[in-house]
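Student: next come a sequence and a model predicted from it.
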Amino acid sequence: MTRQFWAAITLQLRLSAATPDSYLVCVTTPLLTTFIVTVDRWAGHQTQIGNAVVAPTLIALWMLALSVAGNAITEDRLIGTLEAQLGAPASLAVTLFGRMCSVSLIGLIAFAEAWTAVSLLGGTGWMPVPHPVVLICCLVTSSLAAAGTATLLSPLYVLLPSARVLQNTLSYPLYLLGGLAVPLTMFPWWLRTVTDLIFLTWSADLMRASLAPAAVTDAPWRLLAIVALGAAGFLIGTVLMRRMIGRACREGTVVLT
Amino acid sequence: MSRTLRVVAYSAANAAADMRALYTWRIWLFGWLGRMLAQAVFFALLGRSAAGSPSHTEYLAVGSCLMSSVIECMAVISSTTWERAAGTLEFLAAVPSRPVWVFFGRSLQWPASASVTTVVSMFTVGPLFGVAWRPSQVPALVGLIVLTSLSTYCFGLLLAALVLNANGARNLVANGVSLTMMIICGVQIPVERWPVIVRVVALALPPTWTLRAVRAVLANDGTVALAAAGAATALGVGWLVAADVMFTMFLNRSRRTGRTDHF
């Protein structure tokens, strides 16, 4: 399984290198950061400096995971490799998860871009990172959680007529509910019970905390929450994927579904 | 003129068919519209927590709502390049009508949908952030939203012509240009705050002027609103002419070289 996972990562990295869309987040991340920093500077303070790194980075991670989840099966079907994968003993979900993890590497570049942009535009030198270990752990677990959660969506992509519609729909509503615009303390309590089930909520909170001078509380538990939500997404996605594939194989509609 | 209209109408029928293939009314309403409203709220909230004061918040809310139109209209860049995948460029090279009219009609679903999403956004998201529209301002506001969609669409057509031969760059250009317009066109801070070079670029873009007009309507300043709307209309026509020149140039080049699938 490990070999399969690494093979999937390598495959996707090669595919991504040849696809300009893979670099989309590298263009949009510094622009989003610029947008947030500009509002802050106009207002004459720096309340959003942490968010100018956190929001664009997590948006980039989620966009990339969604994009691979949407395109992987559609493209495999188009070029005729989906049938071969279904005939192989290896799990398709592991392949998909590996492919999504690979693009998370590009997502981490997005963090570097956002941090650099804030440092250059903020006018106060390089932005300090008071809790680097927490930050790195948060970035890695968030990447894995994005890949895991997107696995949950892969079967939906196969059932819906257009992957693009789902990609678009699951963007900004989720960023809002994940507290990327404002911390969720500003939301009503009943909404927060829903938002706690989204990994972005925990990732955004922890990443903001890692960039703030105050001590980070309960970091291991918060990291565990991110991993647990990602793992739950992956497991549910795997079960749904098996069912969908089982049905397609029984009905002989692998190429048509 | 009637022939041109007929070409646009046939092409717009394709646009409508594309829209029907992509969305059912339920998916459009709960998926797309919901997403665009969430986007307007997202950027308005980002600004509110930074700006703090009610006037800044209102400023940002109006800008974020109008940007719904701009972002959606930039989809013309992608849908124009779909023609290459559909294999219709060779046929276009053989017909006598100007290619710009075909491409103008072909993606009209975006300004139509953008106008509706932006009107809904202005009247639902706007009031959440303290924007109070008076009934007498509504016709002018709706007109300006349609003008924003059409003039931005014309600018998008020029970009689409430039990207037609670089198919893979379509999403990069559409997203990059949309976000750049969000930054420099006066959505979150006044255009006058930018350095001269950025200001010059911003003043050549229609959303800068329609935003100015919408803010003038909100302030009951009819003269400024009319002047800004006039500037946006002129710019929209200008960008359409530029798109025409580029499409025609690429078409003639493809005819000369015999590569009619590559404008």
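Tutor: Arrived safely, thanks for sending. Computed from a predicted model, the values in this text were never measured in an experiment. Numbers count the residues shown, from 1 in each chain, chains lettered A, B, ... in the order given.

Student: tell me what the host helix or strand of B:Val41 is packed against?
Tutor: Using DSSP states H and E, B:Val41 falls within helix B:34-51. Where contact means 3 or more Cβ pairs under 8 Å, 6 or more residues apart in numbering or on different chains; DSSP states H and E, helix B:34-51 is packed against helix A:24-43, helix A:49-79, helix A:163-169, helix A:172-177, helix B:54-73, helix B:109-128. All C-beta atoms are positioned from the backbone trio N, CA, C, and that covers glycine.

Student: possible to save those helices as JSON lines with mean pLDDT, distance to B:Val41 and mean neighbour count?
Tutor: Output for the helices and strands packed on helix B:34-51, formatted as JSON lines (pLDDT from 0 to 100; distance: least, Cβ to Cβ, whole Å; neighbours: other Cβ atoms under 10 Å in any protein chain shown):
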{"stretch": "helix A:24-43", "mean pLDDT": "86", "distance to B:Val41": "15", "mean neighbour count": "22"}
{"stretch": "helix A:49-79", "mean pLDDT": "84", "distance to B:Val41": "14", "mean neighbour count": "23"}
{"stretch": "helix A:163-169", "mean pLDDT": "74", "distance to B:Val41": "15", "mean neighbour count": "19"}
{"stretch": "helix A:172-177", "mean pLDDT": "90", "distance to B:Val41": "6", "mean neighbour count": "21"}
{"stretch": "helix B:54-73", "mean pLDDT": "90", "distance to B:Val41": "8", "mean neighbour count": "24"}
{"stretch": "helix B:109-128", "mean pLDDT": "96", "distance to B:Val41": "6", "mean neighbour count": "21"}
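
Student: got these as a markdown table, with distance to A:Ala147 columns?
Tutor: Below are the helices and strands packed on helix B:34-51 laid out as a markdown table (distance: least, Cβ to Cβ, whole Å):
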| stretch | distance to A:Ala147 |
| --- | --- |
| helix A:24-43 | 15 |
| helix A:49-79 | 5 |
| helix A:163-169 | 15 |
| helix A:172-177 | 15 |
| helix B:54-73 | 27 |
| helix B:109-128 | 31 |
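
Student: my read: A:Trp126 touches A:Ser119, true?
Tutor: Yes - using Cβ atoms under 8 Å, A:Trp126 makes contact with A:Ser119 at a distance of 4.7 Å.

Student: buried residues in the helix holding B:Val41?
Tutor: Across helix B:34-51, burial judged by 16 or more other Cβ atoms under 10 Å in any protein chain shown covers B:35-51.

Student: measure A:Leu152 to chain B for me?
Tutor: Between A:Leu152 and chain B the computed distance is 18 Å (Cβ to the nearest Cβ, to the nearest Å).

Student: which pLDDT value goes with that residue?
Tutor: Looking at A:Leu152, its pLDDT stands at 84.

Student: could you do the one 10 residues further on as well?
Tutor: Looking at A:Ser162, its pLDDT stands at 62.

Student: repeat that for B:Thr223.
Tutor: pLDDT, B:Thr223: 95.

Student: now swap in the one 3 residues further on and tell me
Tutor: Per-residue confidence for B:Leu226 comes out at a pLDDT of 97.

Student: and what of B:Phe263?
Tutor: Looking at B:Phe263, its pLDDT reads 60.

Student: where are the low-confidence patches of chain B?
Tutor: B:1, B:49-52, B:260-263 (pLDDT under 70).

Student: returning to what we had before: and of the helices and strands packed on helix B:34-51, who's closest to A:Val227?
Tutor: helix A:49-79 (14.5 Å; Cβ to Cβ).

Student: hmm, that closest one in reach of chain B?
Tutor: Yes - Helix A:49-79 lies within reach of chain B by Cβ under 8 Å from any Cβ of the partner chain, at A:Asn51, A:Ala55.

Student: which strands or helices does that helix pack on?
Tutor: Looks like helix A:49-79 contacts helix A:24-43, helix A:82-87, helix A:92-122, helix A:132-159, helix A:163-169, helix A:172-177, helix A:199-211, helix B:34-51 (3+ Cβ pairs under 8 Å, 6+ apart).

Student: for the chain, longest helix please?
Tutor: You didn't pick a chain, so chain A it is. helix A:219-251 (DSSP state H).

Student: the chain in question should be chain B.
Tutor: helix B:222-257.

Student: list the buried residues in it.
Tutor: Buried residues in helix B:222-257 (16+ other Cβ under 10 Å): B:225, B:228-229, B:231-233, B:235-236, B:238-240, B:242-244, B:246-247, B:250-251, B:254.

Student: and that helix, how far out from the chain middle?
Tutor: Its chain's C-alpha centre and that of helix B:222-257 lie 13 Å apart, by Cα atoms, centre = their mean, to the nearest Å.

Student: please apply the same query to stretch A:223-236.
Tutor: For stretch A:223-236, the distance to the chain centre is 13 Å (Cα atoms, centre = their mean).

Student: now the residue nearest to the spatial centre of chain A. Nearest residue, chain neighbours left out?
Tutor: Closest residue to the average C-alpha location of chain A: A:Trp62 at 2.6 Å, with Cα atoms, centre = their mean. Nearest residue to A:Trp62, sequence neighbours excluded (Cβ to Cβ, 6 or more residues apart in numbering or on different chains): A:Ala146, at 5.5 Å.

Student: my guess is the one you found contacts A:Leu108. True?
Tutor: No - A:Ala146 is not in contact with A:Leu108 according to Cβ under 8 Å; the separation is 11.2 Å.

Student: between the two, which one's more packed in?
Tutor: A:Ala146 (31 against 17; other Cβ atoms under 10 Å in any protein chain shown).

Student: just the pLDDT at the more buried one, thanks.
Tutor: On the pLDDT scale, A:Ala146 gets 92.

Student: dump the residue contacts of it.
Tutor: Applying Cβ atoms under 8 Å, 6 or more residues apart in numbering or on different chains to A:Ala146 gives the contacts A:Leu61, A:Trp62, A:Leu64, A:Ala65, A:Met100, A:Ser104, A:Gly107, A:Phe199, A:Gly230.

Student: can I get the residues you listed in a markdown table including distance to A:Thr34?
Tutor: Shown next, in a markdown table, are the contacts of A:Ala146 (distance: Cβ to Cβ, whole Å):
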| residue | distance to A:Thr34 |
| --- | --- |
| A:Leu61 | 19 |
| A:Trp62 | 20 |
| A:Leu64 | 20 |
| A:Ala65 | 24 |
| A:Met100 | 28 |
| A:Ser104 | 23 |
| A:Gly107 | 19 |
| A:Phe199 | 26 |
| A:Gly230 | 30 |
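
Student: of these, just say which sits nearest to A:Glu75.
Tutor: Of the contacts of A:Ala146, the one sitting nearest to A:Glu75 (Cβ to Cβ) turns out to be A:Met100, at 13.8 Å.

Student: A:Leu144: neighbour count?
Tutor: 22.

Student: is it true that it touches A:Val227?
Tutor: Yes - between A:Leu144 and A:Val227 there is a contact under Cβ under 8 Å: 6.8 Å.

Student: check contacts around A:Leu170.
Tutor: A:Leu170 neighbours (Cβ under 8 Å, 6+ apart): A:Leu66, A:Leu153.

Student: next: B:Ala169.
Tutor: A:Pro20, B:Val163.

Student: ok, now with 10 Å
Tutor: For B:Ala169, the contact set (Cβ atoms under 10 Å, 6 or more residues apart in numbering or on different chains) comprises A:Pro20, A:Asp21, A:Tyr23, B:Ile77, B:Thr81, B:Leu162, B:Val163, B:Gly176.

Student: distance-wise, check B:Ala231 relative to chain A.
Tutor: 24 Å.

Student: that residue: what's it in contact with?
Tutor: B:Ala231 sits in contact with B:Ser151, B:Leu203, B:Pro206, B:Thr208, B:Trp209, B:Thr210, B:Arg212, B:Ala213, where contact means Cβ under 10 Å, 6+ apart.

Student: rerun at 7 Å
Tutor: B:Trp209 (Cβ atoms under 7 Å, 6 or more residues apart in numbering or on different chains).
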